[in-house]
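K.L.:
return atomic coordinates for the entry below.
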Amino acid sequence: MIKQHGSSTGPGYAERQRRAGIVAFVAGLVAALAFFAFFPGLPHVIDWGAILVSLAMGALARWACRAWMARSLEKKEHSDQM
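P.N.:
The predicted structure is shown next:
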């Protein structure tokens, strides 16, 4: 049988998860670019390496956000079953 989930896994949850992933990606990207642009001692030049690292940091932040949201959903569903 298919288990019916509450409103936390419906289309509203998917939209919140998508928006949170976008915000996390942009925040990670901007934070890494700001690090390379303003950290003392580094040449204040944004090159292709800094851009690639910033994209990777954005992807890592998005992954971490989605994992955190999934874990909190599992905890919520587990507590609702008890």
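K.L.:
for the protein, longest helix please?
P.N.:
The single longest helix within the chain, with elements called by DSSP state H, is helix 48-81.
K.L.:
by contact count, what packs against that one?
P.N.:
Here helix 48-81 is seen to pack against helix 11-38 when contacts are counted using 3 or more C-beta pairs under 8 Å, 6 or more residues apart in numbering; DSSP states H and E. The C-beta positions use only the backbone N, C-alpha and C, and glycine is treated the same way.
K.L.:
give me the buried stretch members for the helix it packs on, please.
P.N.:
Neighbour-count burial for helix 11-38, with 16 or more other C-beta atoms under 10 Å as criterion, is recorded at 17, 21, 24-25, 28-29, 32-33, 36.
K.L.:
by pLDDT, give me the weakest of those residues.
P.N.:
The weakest per-residue confidence within the buried residues of helix 11-38 falls on residue 36 (84).
K.L.:
what sits against the nearest residue to that residue once chain neighbours are set aside?
P.N.:
Computed as C-beta to C-beta, 6 or more residues apart in numbering, the closest residue to residue 36 that is not its neighbour in sequence is residue 50, at 4.1 Å. If you count contacts by C-beta atoms under 8 Å, 6 or more residues apart in numbering, residue 50 has them with 32-33, 36.
K.L.:
closest to residue 70 among those residues?
P.N.:
residue 32 (23.9 Å; C-beta to C-beta).
K.L.:
quick one: mean pLDDT for the longest helix of the chain?
P.N.:
89.
K.L.:
and it, how far out from the chain's middle?
P.N.:
In terms of C-alpha atoms, centre = their mean, to the nearest Å, the centre of helix 48-81 is found 4 Å from the chain centre.
K.L.:
what is the burial count for residue 41?
P.N.:
5 (other C-beta atoms under 10 Å).
K.L.:
which pLDDT does the model give it?
P.N.:
72.
K.L.:
hang on, the earlier thing: mind putting the buried residues of helix 11-38 into CSV with distance to residue 74?
P.N.:
Shown next, in CSV, are these (distance: C-beta to C-beta, whole Å):
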residue, distance to residue 74
17, 13
21, 17
24, 19
25, 23
28, 24
29, 28
32, 29
33, 33
36, 36
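K.L.:
which single one of these is nearest to residue 72?
P.N.:
residue 17 (11.0 Å).
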